[in-house]
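Q: Coordinates only, no sequence provided:
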């Protein structure tokens, strides 16, 4: 999975935690805990996104070689026995 996709999923999951904590009727202490957890997860996702923008990965100058697809082994047919 691409690192950009991972960071975006982390941000989205933090937002979903916040949304669930608001929508579900839970005790106040649990709601606050979920809100803080969702906020922490979202901030971590944003940190990953900012880190990718500030320090982009250098692409290698080598081009990947094309790999031929590996053929799957064919199953042998068993003779059906009639009893």
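A: Here it is on my side, so go on. Nothing here was measured: the structure is a model prediction, and the numbers come from that model. Numbering: from 1, shown residues only.
Q: Give me the residues contacting stretch 28-37.
A: 17, 18, 20, 21, 22, 26 (C-beta atoms under 8 Å, 6 or more residues apart in numbering). From N, CA and C alone the C-beta is placed, and that goes for glycine too.
Q: so how far is residue 72 from the last one?
A: For residue 26, the distance to residue 72 equals 50 Å [C-beta to C-beta, to the nearest Å].
Q: now the fifth one
A: Between residue 22 and residue 72 the distance is 49 Å, computed by C-beta to C-beta.
Q: neighbour count winner among those two?
A: Per other C-beta atoms under 10 Å, whichever of residue 22 and residue 72 has more neighbours is residue 22, with 12 against 6.
Q: Neighbours of residue 70, how many?
A: 6.
Q: let me fix that: residue 7
A: 19.
Q: what's the following helix or strand after the lowest-mean-pLDDT helix or strand in the chain?
A: In the chain, no helix or strand scores lower on mean pLDDT, DSSP states H and E than helix 3-23, which sits at a mean of 90. Downstream of helix 3-23, the first helix or strand assigned by DSSP states H and E is helix 28-54.
Q: related to what we said a few turns ago, from the contacts of stretch 28-37, which would you call buried?
A: Buried members of the contacts of stretch 28-37, scored by 16 or more other C-beta atoms under 10 Å, are 17, 18, 21.
Q: Run through the residues that contact residue 20.
A: Neighbour list for residue 20: residue 34 [criterion: C-beta under 8 Å, 6+ apart].
Q: That one and residue 37, how far apart?
A: As judged by C-beta to C-beta, residue 20 and residue 37 stand 11 Å apart.
Q: same deal with residue 48?
A: For residue 48, the distance to residue 37 - C-beta to C-beta - is 17 Å.
Q: neighbours of residue 25, just the number please.
A: Neighbours of residue 25 (other C-beta under 10 Å): 5.
Q: and it, what pLDDT?
A: Residue 25 carries a pLDDT value of 90.
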